[in-house]
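Trainee: dropping the sequence and predicted coords here.
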Amino acid sequence: HHTIGMPQSILLMPEQLPSSYDVTVHDYYLACPQVTLADEKGRYCGAPEADGCNQCLAKRPAPGNVDIEQWREFGEQFLNGAERVFVPSHDTLQRMQRYFPMAHFIWAVHEPSLQPVAVKVLERTVDEPLRILVLGALSVFKGADVLEACALQARALRTPLEFHLLGFAYRPLRTKPFSNLQVHGAYAEDELAELIVEIKPHVVWFPGSCPETYSYTLSAVLEAGLPVVATDIGAFSERLAGREWTWLVPPDRPASDIMTHFLAIQRMLSQASAPELPAVGEVGSAEFSYTADYAASIEQPNYSLDEQFAIHDEWSQLPALQADIAFSDVRSPLARKMLPAVLHNQWLGPLIARLPHNLKQNIKERLRT
């Protein structure tokens, strides 16, 4: 699922075992060492040809200080060797196919059962500011800087726009009273719906300028049935196509243009004047099903129900070792057999090395009893 920071020995395990494998793409790291196709200012780089990528790497080197051709050579081998390479959006499929045309890509939506609800427009009084909600962990490329710029400008001009960040940014942002921004901090997923209701946003804004591969944050907004302003790039374009009370806008707009647009949205919401529906592109639909096409193809181990319960019980207690919490001795012969094999597997060495010494010793002692 992710290759960032993974030792190459782990990525080469399928070759050493040997074993077939699948890859699920969540970002562009195998094609772009900057992960998100972003330039040094956090803007979409435009996905240039190799010369442009190498100019970028001259300023921001890739791990190992390799050029883009060398970087993508391993990505090509890794993806071409996979039985299947799952991508969560058609946009991601097209972008990755450009760099790895021989890989067996499969468009598989992360949440096929997601049911967006009808958009609910929140009524607002004449003197009430437009409440604009931004969700999640904001890096540069996800729009932290542009959010701050808009909030500062809104305060300076006394514009009736109120920004709320439900999450956090990569750096401290200027908030009230210096700007029209309130940062609510990190949230637990099971609290998100309730927190959104408390803020009572009129619209949710995704200020990033780089192509998202999917966006689980957008999923939460679709389930909440809120009006959306998002950049017309990446998965946003296809996931928001044909949705009411939705505005798809160009990336990298100056703060002044964004402010003008939000004031126009404020008037549209007050007058119940819905915008035109975002265009629906001819991208087809993902026909792959994890249940029917993925899980069903996995060879199921022939363990009895008792053995399955025993394995689950023993493995579920392993985290307790970290805090040196006592647990019953390992009783399952199968678990006794599996755990030493894991601990002594040479290809898992880099991972095992990260375990605290007392944790490894406790595991071994428990297995001996």
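Mentor: Here it is on my side, so go on. Residues are numbered from 1 along each chain as shown.
Trainee: check the offset of stretch 144-164 from the chain's centre.
Mentor: Remark: stretch 144-164 is offset 26 Å from the chain centroid, using CA atoms, centre = their mean, to the nearest Å.
Trainee: what's the helix or strand for residue 182?
Mentor: Under the criterion of DSSP states H and E, residue 182 resides in strand 181-183.
Trainee: by contact count, what packs against that strand?
Mentor: When contacts are defined as 3 or more CB pairs under 8 Å, 6 or more residues apart in numbering; DSSP states H and E, strand 181-183 packs onto helix 144-156, strand 161-169. Any C-beta I mention is one placed from the backbone N, CA and C, and that applies to glycine too.
Trainee: quick one: the longest one to strand 161-169, angle?
Mentor: Translated: helix 144-156. 150 degrees (axes from the mean of the first three to the mean of the last three CA atoms, to 10 degrees).
Trainee: which strands and helices sit next to helix 144-156?
Mentor: Counting by 3+ CB pairs under 8 Å, 6+ apart, helix 144-156 packs on strand 130-138, strand 161-169, strand 181-183, helix 255-270.
Trainee: about what we covered before: which of the residues in the strand holding residue 182 are buried?
Mentor: Residues 181, 183 are the ones in strand 181-183 that count as buried (16 or more other CB atoms under 10 Å).
Trainee: what's next to that strand, contact-wise?
Mentor: Strand 181-183 has contacts (CB atoms under 8 Å, 6 or more residues apart in numbering) with 147-148, 151, 162-165, 168-169, 173-176.
Trainee: dump the helices and strands packed on strand 181-183 to CSV, plus mean pLDDT.
Mentor: Shown next, in CSV, are those (pLDDT from 0 to 100):
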stretch, mean pLDDT
helix 144-156, 98
strand 161-169, 97
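Trainee: residue 148 contacts residue 173, doesn't it?
Mentor: Yes - between residue 148 and residue 173 there is a contact under CB atoms under 8 Å: 4.5 Å.
Trainee: who has more neighbours, these two?
Mentor: A direct count of neighbours by other CB atoms under 10 Å for residue 148 and residue 173 places residue 148 higher, at 24 against 21.
Trainee: redo the helices and strands packed on strand 181-183 as TSV? Include distance to residue 81.
Mentor: Below are those laid out as TSV (distance: least, CB to CB, whole Å):
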stretch	distance to residue 81
helix 144-156	37
strand 161-169	37
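Trainee: ok, which of the ones you listed comes nearest residue 191?
Mentor: Of all those, strand 161-169 sits nearest to residue 191, with 9.9 Å by CB to CB.
Trainee: quick one: residue 2 and residue 23 touch, right?
Mentor: No - with contacts counted by CB under 8 Å, residue 2 stays clear of residue 23, the gap being 10.0 Å.
Trainee: please work out how many residues are found near residue 7.
Mentor: Other residues near residue 7 come to 12 when the count uses other CB under 10 Å.
Trainee: any idea how far residue 13 is from it?
Mentor: 10 Å (CB to CB, to the nearest Å).
Trainee: okay, buried residues for stretch 42-53 please.
Mentor: Within stretch 42-53, judged by 16+ other CB under 10 Å, the buried ones are 42-45, 53.
Trainee: should've said stretch 271-283
Mentor: Buried-residue list, stretch 271-283, by 16+ other CB under 10 Å: residue 278.
Trainee: make sure residue 222 is indeed in a helix.
Mentor: Yes - assessed with DSSP: H, G, I helix; E, B strand; the rest coil, residue 222 lies in a helix.
Trainee: show the pLDDT at the closest residue to it other than its chain neighbours.
Mentor: In this structure, residue 222 finds its nearest non-sequential neighbour in residue 116, 3.9 Å apart by CB to CB, 6 or more residues apart in numbering. With respect to pLDDT, residue 116 has a value of 77.
Trainee: let me know the secondary structure of residue 116.
Mentor: Residue 116 ends up coil, using three-state DSSP.
Trainee: domain map for the chain?
Mentor: As recorded under automatic domain parsing, the domains making up the chain are 8-107, 130-270, 305-368.
Trainee: need the distance between the two termini of the second one.
Mentor: End-to-end distance of domain 130-270 (CA to CA, to the nearest Å): 10 Å.
Trainee: what does the first one give?
Mentor: Distance between the boundary residues of domain 8-107 (CA to CA) amounts to 26 Å.
Trainee: now residue 246: phi and psi?
Mentor: Per-residue torsions, residue 246: phi -140, psi 130 (degrees, to the nearest 10).
Trainee: so it makes contact with residue 236?
Mentor: No - counting by CB under 8 Å, residue 246 sits too far from residue 236 to count as a contact (9.5 Å).
Trainee: which residues do these two both contact?
Mentor: In contact with both residue 246 and residue 236: residue 230, using CB under 8 Å, 6+ apart.
Trainee: ok so, going back, pick the most buried one from the domains of the chain.
Mentor: Scoring the domains of the chain by mean neighbour count under mean count of other CB atoms under 10 Å gives domain 130-270 as the most buried, with a mean of 19.
Trainee: can you pull the contacts of the nearest residue to residue 63 once chain neighbours are set aside?
Mentor: Nearest residue to residue 63, sequence neighbours excluded (CB to CB, 6+ apart): residue 33, at 6.8 Å. Residues near residue 33 by CB under 8 Å, 6+ apart: 57, 60, 62-63, 68, 71.
Trainee: cool, and residue 224?
Mentor: 117, 193, 196.
Trainee: need the pLDDT of it.
Mentor: On pLDDT, residue 224 comes in at 93.
Trainee: quick one: it from residue 128, how far?
Mentor: Look at residue 224 and residue 128: by CB to CB, they are 20 Å apart.
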